[in-house]
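Undergrad: structure of the sequence below:
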Amino acid sequence: MTAPDLLLRGARTYDGGAPLDVRLSGGLVDAIAPSGMLDADGAETVELEGRYIGPGLWDAHVHFTQWVIQQRRVDLAGTRSAADAVAVVREALTNGFPSTDGVLFGYGYRDGLWGEPVTRAALDVFAQPVVLINGDLHSAWMNSAGAARLGLHPDATGVVSEGEWIGTLQRFHAEAALPVGDYRTAAAAAAARGVVGVVEYENVLNIDEWAERVAAGVDSLRVDAAVWPDELDTALARGLRTGDPVEPTGLVTMGRLKVVVDGSLNTRTAYCWDPYPGLDAHSAHGCGVSSIPVSELRDLLVRARAGGIEAAVHAIGDRANTEVLDTFEELGMRGIIEHAQLVRSDDFARFARLGLIASVQPEHAMDDRDVADRYWAGRTDRAFAFGSLHAAGVALRLGSDAPVAPLDPWHAIASGVSRSRGDRAAWHPEQSLPLDVALGASTRHPLAVGAPADVMITDADPYALDRDALRGMPVSATLLAGRFTHRAL
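TA: Numbers count the residues shown, from 1 in each chain. Take a look at the predicted model:
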């Protein structure tokens, strides 16, 4: 998959940089010089005519199959009540919306602010199996037929959450394989937004699934493919270490061990020090859910480290983050904490001192600001606290958690910088990130000689754009290892 040598002539770097030429060769940036100073030396010349050049973007947290399959689910993102969701389902069934193996799936409802509780009975008006997935992926609301089809036994709410639900969702969709063309289309769409790589956190054996996809032509992205605890032994038995290529092109590499230690804010299962409103701190889930004991987390991290596999731990609530920090500190390990949505004030500095990376999703702050104001009242000064993490010296990576938010780093960058979206004022603007930090947290390598030729070309300078223009940044080309994966020049 060696790309021909290219000379990109007449580009500009961000924030007022002078015109320059960039030569790409052998999958690397071969030379950079003021415009007109580089010879083509047999390379194909591409005139950029003053467009802007920078490193390609990464989305540091995706669930790619869930992102791809989203188009086959009824869109519930705009629903504002249980009755509203039922009406959307009724309309979908009336209009013949396609099912997946006999089940009508919906996605994107967020019931944290609904004035009425969800019930199984409300969906039992439909004879067809119906399963509606929460926008955070951590729970689903279903009717009796849907529960029976999936082999689940929800209570009167019709809701199944956390480990039982996540495992069921993965098993069901593993049996209903998607066409490889759907993956190819989704990867091409990401490349059209400047994306050169993603960190894949689907709860399957990602290294094998992505190796098969690349062999079938899904080759416009690099993929760091994580492993979950139930497949850790498989990865260890193969001798795979974090960063190892797992297929011939080198596009797919062994990622990290992904461990989930708590739930989510929208499902009210994020593990916190203080109880959720109306719940007793001593009740079973008054402060959220601890998905696994700390001792089990410790054992998993030790086993992974012994085999050269690094760790990425999902922690959303402040108590979950504290316990994960404690574990990393006890083991003397570095790693990534995914989400870090609510962090105790004393833990920001500890985050940095331990050398941990915070992988965060700025669009979640925009989606969840009202839910946070309700369920984390009095604590939102340290919720989605990207500014505090950066000020403490914590290395950041930005992602989408697609399909929870769109697989588009420009959305994350714009929300991280502005803390606002649409016609709403900035939410806790003190937690905004500088643009250079947000851009850096969305890339892996600088545009420099010797770096991978993973390059993005835009029609505008991000430093010259307002919030909405930045969100919709026009990308005219994306190159992966010097090969065009998107070209609109």
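Undergrad: and residue 81, how far from residue 286?
TA: For residue 81, the distance to residue 286 equals 25 Å [CB to CB, to the nearest Å]. (Glycine included, C-beta is placed from N, CA and C.)
Undergrad: any weak-confidence spans in the stretch 201-350 of the chain?
TA: Scanning the stretch 201-350 of the chain for pLDDT under 70 picks out the ranges 280-284.
Undergrad: what are the ranges of the helices in it?
TA: 206-215, 232-237, 294-306, 318-331, 347-353 (DSSP state H, counting those that start in this stretch).
Undergrad: quick check: which of those helices is nearest to residue 457?
TA: Smallest distance to residue 457 across the helices of the stretch 201-350 of the chain (CB to CB): 24.0 Å, for helix 206-215.
Undergrad: run through who's touching the closest one.
TA: The contact list for helix 206-215, computed with CB atoms under 8 Å, 6 or more residues apart in numbering, reads 180, 183, 200, 202, 218, 223, 225-227, 235, 240, 246-247, 249, 251-252, 254-255.
Undergrad: please redo it, this time with the cut-off set to 6 Å
TA: 183, 200, 223, 225, 246, 247, 249, 251, 252 (CB atoms under 6 Å, 6 or more residues apart in numbering).
Undergrad: and the gap between residue 92 and residue 104?
TA: 7 Å.
Undergrad: ok, those two, which is more surrounded?
TA: Higher neighbour count among residue 92 and residue 104: residue 104, with 22 against 19, using other CB atoms under 10 Å.
Undergrad: any idea which element that one lies in?
TA: strand 104-109 (DSSP states H and E).
Undergrad: can I get whichever helix or strand comes after that strand in PDB, CA atoms only?
TA: Downstream of strand 104-109, the first helix or strand assigned by DSSP H and E is helix 120-123. Taking C-alpha atoms only, helix 120-123 is exported to PDB below (Å, rounded to 0.1, in the frame of the first residue of the first chain):
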ATOM      1  CA  ARG A 120     -42.300  -1.600  30.100                       C
ATOM      2  CA  ALA A 121     -46.100  -1.300  29.800                       C
ATOM      3  CA  ALA A 122     -45.800   1.800  27.700                       C
ATOM      4  CA  LEU A 123     -43.900  -0.100  25.000                       C
END
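Undergrad: by contact count, what packs against the next helix or strand after helix 120-123?
TA: Next along the chain after helix 120-123, taking DSSP H and E as the criterion, comes strand 130-134. Here strand 130-134 touches strand 104-109, strand 139-142, going by 3 or more CB pairs under 6 Å, 6 or more residues apart in numbering; DSSP states H and E.
Undergrad: neighbouring strands - and their directions - for the first one?
TA: Strand pairing for strand 104-109, determined by DSSP bridges: strand 74-75 (parallel), strand 130-134 (parallel).
Undergrad: need the winner for burial among these.
TA: Ranked by mean neighbour count under mean count of other CB atoms under 10 Å, those are led by strand 130-134, which reaches a mean of 27.
Undergrad: identify the residues contacting it?
TA: Residues from elsewhere that reach strand 130-134 (CB under 6 Å, 6+ apart): 89, 103-107, 109, 123, 140-143, 146.
Undergrad: if we use 8 Å, what do you get?
TA: Here strand 130-134 makes contact (CB under 8 Å, 6+ apart) with 73-74, 76, 85, 89, 103-111, 123, 139-143, 145-146, 149-150, 169, 266-267.
Undergrad: rewinding a little: would you turn the strands paired with strand 104-109 into JSON lines with distance to residue 164 and mean pLDDT?
TA: Compiled in JSON lines, the strands paired with strand 104-109 are given as follows (distance: least, CB to CB, whole Å; pLDDT from 0 to 100):
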{"stretch": "strand 74-75", "distance to residue 164": "23", "mean pLDDT": "96"}
{"stretch": "strand 130-134", "distance to residue 164": "13", "mean pLDDT": "96"}
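Undergrad: now for residue 92 and residue 104: what residues contact both?
TA: residue 74.
Undergrad: this protein - how does it break down into domains?
TA: 1-56+447-489, 65-175, 180-446 (automatic domain parsing).
Undergrad: next up, the contacts around the nearest residue to residue 148 once chain neighbours are set aside.
TA: Spatially, and ignoring its direct neighbours in sequence, residue 148 is nearest to residue 129 (7.4 Å; CB to CB, 6 or more residues apart in numbering). Listed by CB under 8 Å, 6+ apart, the contact set of residue 129 reads 99, 102, 103, 104, 142, 143, 145, 146, 148, 149, 150.
Undergrad: widest-spaced pair of the contacts of helix 206-215?
TA: The farthest-apart pair in the contacts of helix 206-215, when distances are taken by CB to CB, is 183 and 246, at 16.7 Å.
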